[in-house]
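**Student:** need a structure here:
(2 chains)
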Number of protein chains: 2
Amino acid sequence: MAEETTRTKLVASITDMEKDFAQWYTDVVIKAELADYSSARGCIIYRPYGMAIWELIQNEFNARFKQTGHENVYMPLLIPESLLQKEKDHVKGFAPEVAWVTHGGMEKLTERFCIRPTSETLFCDHYANIIQSYRDLPKLYNQWCSVVRWEKTTRPFLRGLEFMWQEGHTAHATAEEAQAETLGILDIYADVCAEMLAVPVIKGQKTESDKFAGAEATYCIESLMHDGQSLQSGTTHNFGDGFARAFGIQYTDRNNKLRYAHQTSWGVSTRLIGAVIMVHGDNSGLVLPPRVAPVQVVVIPVAQHKAGVLELAREVTDALSKKFRVKLDDSDKNPGWKFSEYEMKGVPVRLEIGPRDIENGVVQLARRDTGAKTAAPIGGASASVENLLEDIQRGMYAKALAHLEAHTYSALDMAEIGRVINETPGFIKAMWCGGAECEDTVKKRTGVTSRCIPFEQEALSGKCVCCGKKAEKLVYWGRAY
Amino acid sequence: MAEETTRTKLVASITDMEKDFAQWYTDVVIKAELADYSSARGCIIYRPYGMAIWELIQNEFNARFKQTGHENVYMPLLIPESLLQKEKDHVKGFAPEVAWVTHGGMEKLTERFCIRPTSETLFCDHYANIIQSYRDLPKLYNQWCSVVRWEKTTRPFLRGLEFMWQEGHTAHATAEEAQAETLGILDIYADVCAEMLAVPVIKGQKTESDKFAGAEATYCIESLMHDGQSLQSGTTHNFGDGFARAFGIQYTDRNNKLRYAHQTSWGVSTRLIGAVIMVHGDNSGLVLPPRVAPVQVVVIPVAQHKAGVLELAREVTDALSKKFRVKLDDSDKNPGWKFSEYEMKGVPVRLEIGPRDIENGVVQLARRDTGAKTAAPIGGASASVENLLEDIQRGMYAKALAHLEAHTYSALDMAEIGRVINETPGFIKAMWCGGAECEDTVKKRTGVTSRCIPFEQEALSGKCVCCGKKAEKLVYWGRAY
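**Tutor:** Residues are numbered from 1 along each chain as shown, chains lettered A, B, ... in the order given. Reported below is the predicted structural model:
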């Protein structure tokens, strides 16, 4: 009974998601020990558990980037003001939100530096130095780092003054190659979301008004959170030769003609952790898909003071550790507290071993996602766990996809957009004439923004949902983080 | 003949190390494409080859840190000025060399932030929040990041305005545990240098005047470069409870008594890449120990237009790739250019395949470290390469150790120190009374600084080399980077 009380208390310490989704989110971040606040406003501390999730995501992307010929590099943290100003649209987009270094030690600097908000200017500067011939192309570079943007309101993982990400920057001989890269990386982003994070996404293009500063075209993946708000989860940009012209990135082609390079950039950030939390989490805390879980199986001995329990728990842990990420909790906390703790942390499978189980030659396996509990023979624990983890991974994706589909609506007029977003928030498909004014009007009158022009187009009607003139595109609209 | 000319030219493009060691070093860094200069003064660009070396070093340390129970975290890049000032010695040591952020976007900040020069203050701030009970200890945290120190003169990898490193920060219940951690990590540092980088080091303690700002004791590993100058290659610090008192990091022990935690911090940086360059390099460029080589074997087809050559080169590459990091260079550059290129890049083994080799059923294996060339049967290439790589790794360490031993001298008076450091630079062992004045006098009169008080003490004499009074310790002195 005491165990149950403790357990209830810990779970009760997070807000119900139905009551206050934002507070639920913050509670999970803090109580699952993913992150903590720091004394630097808007900058979070990535605690070991959150960092381990990020490292798993990094490893997955690194493997896929490497497979497709990309190499990691590291560019400076600081950008001289004069360098930031070389591409006009780019500086206009970023200058209002950068942190400025004005003093080095006791001295005032003659030129200010900004802390990178993104590194296009540094990569371009380098590319201008190292690209001379068609033999030097393509350059397929990526870097893992943190960037700083002086945001007013911040939320852990979703919007930070400082956040961690990867930024890819590539240079190509032709416009076709650059476009293929831009779309190829978008596929990698979508695949990792679906296959590793169990997060289904919509692939599409951003509207003109929502493009990256300096880009010709921006593509994105958009995912839908449990509360029906959408999260831009990754973007890829085709720069054409705009940056190359601003920075003088030229190469001689096979016919000895001087040409400008074509460039792309692309990034995903720790926002992906935010997506995992908000797509899969529940009122007991985090729910992690097995492939991104730092601990896939937690082994909890029950009545561990009884003969044979701890020994067997250790044996099972050792055996499972050969294939899975396993943690044995043999601390002196009571099992009820432990159950609750690892539920909060979203560990996919809990394996219990108690005296009665030993008698019966089984272990108990509990799924975090559904709560279902089954017994498995001790000797077959590894095979059972393997099947279970695959089942959970698949099941979580299917559930998230069903949620996305159930919360994707169509609207033929503005009233319908307003009604849907207030009553049953989600993605709203509606036709659009392509005009920036209509995009703006939809936003002002209903509160939704264009999320993307999806690659998979449909014709709901021939008319723009706003002005009634000829529709050019189907657009996904929604409220976004 | 044409091939030979190209090859000679490329090698000739680096300065002889005997003529100008500093210029040789810079040439290798740039020509081996480890790093490049950037538009931000003192900040280098880590190019793919240099970054790959750093990633191998990171992986090795991560594995060893994890084995010993350490966890990765990530702290903010920015430190509020008030936080930096909490520990008096610490702020005095670092304030003169930090970069100050004074503006966020268009606004002047009410409190300045510095870019972390090191993160003790952030870790302490966090520890004060998360440590309450003895159950919360120890905390064994590490982070990989870059830090900024506003240095006047900089050199790639050795001293940078921004540099990459790992910084470990731990909190313990007792002074004994903290001291064991401080020395245990020093062993890990020394082992990785010896076993992976083939760099032998001297382990010892820094003198009082050379301690880290805020530490009770600083320990270090010192290595000896080819030019006889020493390089501080890693440091570990025992803070006692000084930081804990400044930041209020207290825990209740098993008897419910409130106690201060004992802390350590420790770091190695990309200086280790500098050590690898300067310990092993030669007048043909970089020489990499196999364990830290991004490419361990380069396969070069000779007369690759001839029937069967490219096919076999690909087969051999595929076979070797199962066990080693292998690159096939089948570009249309001539073999002489390729030989020279991969010598410059320090690839441990070059594997050549030509028409004559195919006839004889062999491949040619050339060692980068000694230049020795042997033939190996095609079928046994993998076993031959494995032996060769082990031989090279061992041989490079033995050579570096012999160099260190041959360049370690003893001096009984000041004149001897002066003579040695000018004629045959290296480590100079000499006795010291323990006084800061004598340490200073030795430095002023001979140009050497105390590198460390080695753990392995000897008694060369009973007298201080400077004042002639009773000697307390044997000290390693030298000129340092």
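**Student:** Beyond the helix or strand containing residue A:60, next helix or strand please.
**Tutor:** Counting by DSSP states H and E, the element that carries residue A:60 is helix A:48-67. From helix A:48-67 onward toward the C-terminus, using DSSP H and E, the following helix or strand is strand A:71-72.
**Student:** Tell me the residue in chain A that is farthest from the middle.
**Tutor:** Residue farthest from the centre of chain A, counting by Cα atoms, centre = their mean, is residue A:307 at 45.6 Å.
**Student:** Contact partners for that residue?
**Tutor:** Shown in contact with residue A:307 (Cβ atoms under 8 Å, 6 or more residues apart in numbering or on different chains): residue A:355. Where C-beta positions appear, they are placed from N, C-alpha and C, glycine not excepted.
**Student:** sec struct for it, please.
**Tutor:** coil (DSSP: H, G, I helix; E, B strand; the rest coil).
**Student:** Test for you: state the pLDDT assigned to it.
**Tutor:** According to the prediction, residue A:307 has pLDDT 90.
**Student:** Can you name the residues that contact the closest residue to chain B within the stretch 151-300 of chain A?
**Tutor:** Shortest the stretch 151-300 of chain A-to-chain B distance, computed as Cβ to the nearest Cβ: residue-wise this is residue A:162, at 5.3 Å. Taking Cβ under 8 Å, 6+ apart as the definition of contact, the neighbours of residue A:162 are A:40, A:42-43, A:146-148, B:76-78.
**Student:** out of those, which one sits closest to residue B:404?
**Tutor:** Each of the contacts of residue A:162 was checked against residue B:404 using Cβ to Cβ; the closest is residue B:77, at 37.5 Å.
**Student:** That closest one touches residue A:44, doesn't it?
**Tutor:** No - counting by Cβ atoms under 8 Å, residue B:77 stays clear of residue A:44, with 11.5 Å between them.
**Student:** Just the mean pLDDT for stretch A:59-68, thanks.
**Tutor:** Averaging pLDDT residue by residue across stretch A:59-68 gives 98.
**Student:** what about the closest residue to residue A:65 other than its chain neighbours, neighbour count?
**Tutor:** If you skip the residues right next to it in sequence, residue A:65 has residue A:142 as its closest partner in space, 5.4 Å away by Cβ to Cβ, 6 or more residues apart in numbering or on different chains. Using other Cβ atoms under 10 Å in any protein chain shown, residue A:142 has 23 neighbouring residues.
**Student:** got a pLDDT number for residue A:142?
**Tutor:** 98.
**Student:** Make sure I have this right: it is in a helix.
**Tutor:** No - according to three-state DSSP, the state of residue A:142 is strand, so it is not within a helix.
**Student:** Tell me how far the residue farthest from the centre of chain A lies from residue A:329.
**Tutor:** Using Cβ to Cβ, to the nearest Å, residue A:307 is found at 19 Å from residue A:329.
**Student:** Which segments of chain A make up each domain?
**Tutor:** What automatic domain parsing lists as the domains of chain A is A:17-280, A:290-393, A:408-478.
**Student:** Among the ones you listed, show me which one is buried the most.
**Tutor:** The densest packing among these, expressed as mean neighbour count by mean count of other Cβ atoms under 10 Å in any protein chain shown, is seen in domain A:17-280 with a mean of 20.
**Student:** End to end on it, go ahead and measure it.
**Tutor:** The first residue of domain A:17-280 is 12 Å away from its last residue (Cα to Cα, to the nearest Å).
**Student:** got it, and stretch A:325-345?
**Tutor:** With Cα to Cα, one end of stretch A:325-345 sits 14 Å from the other.
**Student:** Now do it: everything it contacts.
**Tutor:** With contacts defined as Cβ under 8 Å, 6+ apart, stretch A:325-345 is touched by A:2-4, A:6-7, A:10-11, A:14, A:28, A:31-33, A:49, A:284-286, A:288, A:293-302, A:304, A:310, A:313-314, A:317, A:320, A:347, A:350, A:352, A:368.
**Student:** Of all the domains of chain A, which one comes closest to residue B:119?
**Tutor:** Taking Cβ to Cβ as the measure, the domains of chain A were each checked against residue B:119, and domain A:17-280 came out nearest at 10.4 Å.
**Student:** Name whatever forms a beta bridge with the residue nearest to residue A:65.
**Tutor:** The partner list for residue A:142 in beta bridges (DSSP bridges) reads residue A:72, residue A:168.
**Student:** Tell me who's in contact with it.
**Tutor:** Counting by Cβ under 8 Å, 6+ apart, residue A:142 touches A:65, A:70-73, A:166-169.
**Student:** Kindly report the same for residue A:33.
**Tutor:** Shown in contact with residue A:33 (Cβ under 8 Å, 6+ apart): A:47-50, A:345.
**Student:** mind running it again at 10 Å?
**Tutor:** The neighbours of residue A:33, taking Cβ atoms under 10 Å, 6 or more residues apart in numbering or on different chains as the test, are A:47-50, A:286, A:341, A:344-345, B:130.
**Student:** Helix, strand, or coil at the closest residue to chain B within the stretch 201-350 of chain A?
**Tutor:** Scanning the stretch 201-350 of chain A for the residue nearest chain B gives residue A:331, at 8.3 Å (criterion: Cβ to the nearest Cβ). Following three-state DSSP, we place residue A:331 in the coil state.
**Student:** And residue A:184, by the same measure?
**Tutor:** Each residue gets one of three states, and residue A:184 gets helix by three-state DSSP.
**Student:** ok, for it, nearest residue in space, not its chain neighbours?
**Tutor:** Counting by Cβ to Cβ, 6+ apart, residue A:68 is the residue found nearest to residue A:184 once chain neighbours are left out, at 6.9 Å.
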